[in-house]
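Trainee: got a sequence here, can you model it:
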Amino acid sequence: MVKISEEVIAVVQACPLFTGLSREELSVLLENSSCRIRSFGKGELVAVAGDELGFMHIVVEGLVTGEMVDFAGKVIKIEDIEPPRPLAPAFLFGEQNRYPVNITAGSDLKILSIPRDEFLKMMQSSERVLRSFVNIVSSRGQFLSNKIRFLSFTTIKGKLAQYLLDLSKKRGLGPFQLSHSQAQLSELFGVARPSVGRAISELNQEGIIRTEGKQVQILDLAKLSALLK
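Mentor: Numbering: from 1, shown residues only. Predicted coordinates for the structure are as follows:
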């Protein structure tokens, strides 16, 4: 049996995979498996796109960054993953169960790794874990679909419009705070930072949005939405 610390169990219990499980139930599942904690230093490569995904990995400490490199060698950030989220759960099973992107430690990192076959047994023994996994996979499919649509916009204004519209749906039509700095947006969009600044300035000048620092208000929803076409 594997002994997992109380601190790790407390983090993992908050993972969407184990929603509704008591600490005792989760402890039994983990201790009856051959899971282990893996540690990585900041900037260390956790996995390369194309590597086989043989474990259910759960971030228990630190930050993970998923990045894709296009044919021109440009690095595009897909997302940051913080505790207690799992890594690439939608790719754990299936014929092409491989990492879709490069996985890098954004800080000193600890990951709980559960062998794929043993995680399958967990789902067979717990309907709650099975339901949670199915919900997560469905949600990831929706996220990736939206991400592909986002990356399909060829103009920076189109990418920025989609980003702002997504935020406004979550936070309402009044003023809201940006979730990312301009430097982070440049990584997210796969463009140079000055290009993001120019696009924001142009949207301000055109009366489509008004920004004050990281606060944004959409002034012309129709014109902003038209940038998606």
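Trainee: residue closest to the middle of this protein?
Mentor: For the chain, the residue sitting closest to the mean C-alpha position, by Cα atoms, centre = their mean, is E79 at 4.2 Å.
Trainee: the helix or strand hosting it pairs with which strands?
Mentor: When secondary structure is defined by DSSP states H and E, E79 falls within strand 75-81. Sheet pairing for strand 75-81, assigned by DSSP bridges, gives strand 64-69 (antiparallel).
Trainee: in the partner strand, what counts as buried?
Mentor: Within strand 64-69, the residues that count as buried by 16 or more other Cβ atoms under 10 Å are V64, T65, G66, E67, M68. All C-beta atoms are positioned from the backbone trio N, CA, C, and that covers glycine.
Trainee: for stretch 166-183, same thing?
Mentor: Judged by neighbour count (16+ other Cβ under 10 Å), stretch 166-183 contains these buried residues: L167, S168, F176, L178, H180.
Trainee: just stretch 136-143 next, same as before
Mentor: When burial is assessed from 16+ other Cβ under 10 Å, stretch 136-143 yields the following buried residues: I136.
Trainee: how about stretch 68-77?
Mentor: Of the residues in stretch 68-77, M68, I76, K77 count as buried by neighbour count, 16+ other Cβ under 10 Å.
Trainee: for the first one, give the beta-bridge partners.
Mentor: It stands for M68. The partner list for M68 in beta bridges (DSSP bridges) reads I76.
Trainee: doesn't T104 make contact with it?
Mentor: No. Between M68 and T104 no contact is recorded; they are 11.6 Å apart, counting by Cβ atoms under 8 Å.
Trainee: contacts for stretch 218-229?
Mentor: 153, 155, 157-158, 160-162, 164-165, 168, 173, 203, 206-210 (Cβ atoms under 8 Å, 6 or more residues apart in numbering).
Trainee: how about stretch 31-40?
Mentor: In contact with stretch 31-40 (Cβ under 8 Å, 6+ apart) are residues 1-4, 8, 46, 60, 62, 105, 108-115, 118-119, 121-122.
Trainee: P89: neighbour count?
Mentor: Applying the criterion other Cβ atoms under 10 Å, we find 21 residues in the vicinity of P89.
Trainee: correct me if wrong: it contacts N135.
Mentor: No. When contacts are counted by Cβ under 8 Å, P89 is not listed as touching N135 (10.2 Å).
Trainee: gap between the residue nearest to the centre of the chain and T155?
Mentor: 22 Å (Cβ to Cβ, to the nearest Å).
Trainee: and stretch 17-29, what's its mean pLDDT?
Mentor: Within the predicted structure, the mean pLDDT of stretch 17-29 is 93.
Trainee: ok, now stretch 202-217?
Mentor: The predicted model gives stretch 202-217 an average pLDDT of 94.
Trainee: show me what it is in contact with.
Mentor: The set of residues that contact stretch 202-217 without belonging to it, under Cβ under 8 Å, 6+ apart, is 157, 160, 164, 167, 174-178, 181, 200, 218-220, 223-224.
Trainee: one more time with 10 Å, if that's ok
Mentor: Among residues not part of stretch 202-217, those counted as contacts by Cβ atoms under 10 Å, 6 or more residues apart in numbering are 156-157, 160-161, 164, 167-168, 171, 173-182, 200-201, 218-227.
Trainee: what distance separates the start and the end of that stretch?
Mentor: From the first residue to the last, stretch 202-217 extends over 14 Å; the measure is Cα to Cα, to the nearest Å.
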